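[1] just coords:
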């Protein structure tokens, strides 16, 4: 076992050796040797989102002692509960699809029911100046545009199928795919303004970044990890198929409840030191000691921790190149789901609004009405700087443009500005810019000595989703258990 | 004056208001109210590079009290002295051009002489399988390739001329220019393999990133700030025109000497809190209190400080989207500049080597021989993970390939792995990925309440150069002095 550890260290040794000077001494100062030792455990887990909680659960089930240090005053990470019109809703991740078997298993284990996303009626699409309604999954574009759209999606699928989700740099022509933005690909593969607009909107909604910001290979990797691009954009049978009664966040709460005092809230990890015997993790004025540490924060947030010794260049470089997407999630409640009586699903896909897309989110039975939607990408960047009042006015104005003036009279309203959330600084997940995956990708999952990396970004399947977070936690629990 | 401060806060108010929950309390905990207060000054400067030292100098000259907190145990930031074969050389920034008037003025002020880069003889170029020698600035490509190369540079210049360096998002078609990588532009504007290779090599050498990683608008902005792309790539009369006798780093040392005990080494800033009256800055176990703070660290490093209240989304998002370039700088010493006797300048531009380009760096008079060169971009990422011995062998092998076997017998060798430097984590400067400048660029320089941002990345001219660092310091000193 000590042999394994030595091997683990070996991998990063060159990087460590290259770090000279006072870094060690300073990290030691950062760690504050005088800070009291709160506890000694086998494994310290940083972050109490789905990944961290699943890691801790798995390790404890295997007989190891754990502590989960959470910076925030709640568990759940990028899932979070909110109250609107008396209902508990998800201010973060919420949907689940039939292929997301790990999340479904967890819901089943805790006896939480799943109910389908409402899709009865007509969706509205308004792209490149042409407004139409349609049923089902295929947006109503002009016949010409529709053919081009289908061709583009087909090409994305063909490319994505060749990308190994854990090793995208091994895809055919990986360097070429990673040296361009998704926008460059769209300009080369779609001519009709409506198709370009549709593709840009999809990227924005799926990754919360502009097509001109994210690597083509990055998007293909997400699609590959989700099974397909179509899986990501689909409602029925796809990733937006269903929701959890009472919200997905409660699964995190239940896992945390089981872990009991092993979950420590309000413990923002500021420094991690490792030596031959183990790791010392500092949060606030306290220190924890363990044999290993699993960091589940997304790369850009993990990069804000001080490491001793400093991280190897490849890992540090990665944390500089995986920015979080930018999103504001909004729930609006109405006295009734008035769009349903007009034969509409409530879903609107428009390139004319700051807010959107949005979807029906009425409680089952439809006694009251609910909509849920997003400011995403550049729109979220702009609107995150404005006041909650201004955002609310914009949301209602945008919704009314398509669903009518009744939209202007909500009974309740709630939002979450994820770009301002102090320990996430964005959402849904990290989105690699061009060049990041081919050059720095191997550092996403490779342990650095006694430090393991988890989080939905590291998942083999459904990276960026709650299901991926669970998978990453299961994986890291196994990975670390093998070294214990 | 208090009115100005209020206005400053107003700009970020929406962002601050959007941050909820325990961030404030936790940042306060991070700041450790019990830590002793080391001093109270008008302005706290974070970072003792050229930008920070110039800021402090300017403020003190205007009658204000300052402290400069430097994480490292030396001043100079991305400049650093090294000893090779008894000579002091620059392990970081080194060259100066005639247009870099602020750096030249500083050298003159401190009586440091400037001497020209050696350019007598023939350069070697080896691109796309064709090796040739040439004199002067224009690489020896085939006539066809040369015409295409000239056309491409001309197009870059035409585009760069229209980019306002401080407001690149206002350039014509800024969104289009920023939604693509430099590589995408190269593929569309150069067909000959040698031209593509030359352009990629130039980007790598200028920005220490791959063409497939950096935004086209980002590169144009650097060129615009430097006066032109030609200015950046030129030796005689350009940005690589000359060097300082004894190294440029000594200017930082001299500024620090003047500032005396106001420069505090080994003080890595971990947290910055601001309130209505001023700022509290924590470094190690000490705190400093000031009316304002100027953070001169590059955006990605500045993002690793904890802020209270948390930074507005736009500023935080910027810190996630301005990765440092990746570079390893190498000096090799020889008994004599043997390439000169062969009629060569020593300069080699090749797409066949891991190391390069490299240049003559013999001391004036040429009694001994010296070369200086780089691993840059992806090559630096790869080689930063390997051992110093492996790098040295590669360097000598690569040099010998062009300058002959005498290159295998150096008398001395020294290197600096900037990607591993704990407080820089890269170099020469930050390189924006696609989408960063148009969406997040305004946050590069806009003060957040009592926090001002400086550093070479913020400079109106020669951003990314030492000259730009000085300019940014002069600017921030004036900017803050107006509020005191």
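    On my side now, so go ahead. Source: prediction; values computed, not measured.
[2] all contacts plus neighbour counts: C-alpha atoms, from now on.
    OK.
[3] How about the residues of the stretch 351-484 of chain A by chain B?
    Within the stretch 351-484 of chain A, the positions adjacent to chain B are A:378, A:381, A:384-388, A:417, A:419-422, A:425, A:433-436, A:439 by Cα under 8 Å from any Cα of the partner chain.
[4] Got a ChimeraX select line for the buried ones in those?
    To isolate the buried ones among these in ChimeraX, judged by 16 or more other Cα atoms under 10 Å in any protein chain shown, type:
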select /A:378,381,384,385,386,388,417,419,420,421,422,425,433,434,435,436,439
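[5] taking the residues of the stretch 351-484 of chain A next to chain B one by one, which sit in helices?
    Residues of those located in helices (DSSP state H): A:378, A:381, A:384, A:388, A:436, A:439.
[6] phi, psi of the nearest residue to the fifth one once chain neighbours are set aside?
    Excluding the flanking residues, the one nearest residue A:436 by Cα to Cα, 6 or more residues apart in numbering or on different chains is residue A:321, at 5.9 Å. Note on residue A:321: its backbone torsions stand at phi -130, psi 20 [degrees, to the nearest 10].
[7] How about residue A:95?
    phi -80, psi 160.
[8] same for the strand or helix carrying residue A:301, what does it pack against?
    Residue A:301 belongs to helix A:299-302 when assigned by DSSP states H and E. The contact analysis (3 or more Cα pairs under 8 Å, 6 or more residues apart in numbering or on different chains; DSSP states H and E) places helix A:299-302 against helix A:313-319.
[9] residues in contact with the helix it packs on?
    A:15, A:299-303, A:436, A:440-441, A:443-444, B:323-324, B:381, B:384-385, B:419-420, B:425 (Cα atoms under 8 Å, 6 or more residues apart in numbering or on different chains).
[10] same deal with stretch A:86-102?
    With contact meaning Cα under 8 Å, 6+ apart, stretch A:86-102 is reached by A:78-83, A:103-104, A:237-244, A:246-249, A:329-331, A:363, A:415-416, A:428, A:462, A:465-467, A:470-471.
[11] Make a PyMOL selection of the buried ones in the residues you listed.
    A single PyMOL command suffices to select whichever of the contacts of stretch A:86-102 are buried according to 16+ other Cα under 10 Å:
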select buried, chain A and resi 78+79+80+81+82+103+104+238+239+240+241+242+243+244+246+247+248+249+329+330+331+363+415+416+428+462+465+466+467+470+471
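[12] Now intersect the contacts of stretch A:86-102 with the helices, please.
    Per DSSP H, helices hold the following members of the contacts of stretch A:86-102: A:103-104, A:249, A:466-467, A:470-471.
[13] now those in JSON lines, with pLDDT?
    Listed next are the ones in helices among the contacts of stretch A:86-102 as JSON lines, based on pLDDT from 0 to 100:
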{"residue": "A:103", "pLDDT": "98"}
{"residue": "A:104", "pLDDT": "98"}
{"residue": "A:249", "pLDDT": "96"}
{"residue": "A:466", "pLDDT": "98"}
{"residue": "A:467", "pLDDT": "98"}
{"residue": "A:470", "pLDDT": "98"}
{"residue": "A:471", "pLDDT": "98"}
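[14] Tell me the spacing between residue A:470 and chain B.
    Residue A:470 is 25 Å from chain B, where distance means Cα to the nearest Cα, to the nearest Å.
[15] Chain neighbours aside, what residue packs nearest to that residue?
    residue A:51 (5.1 Å).
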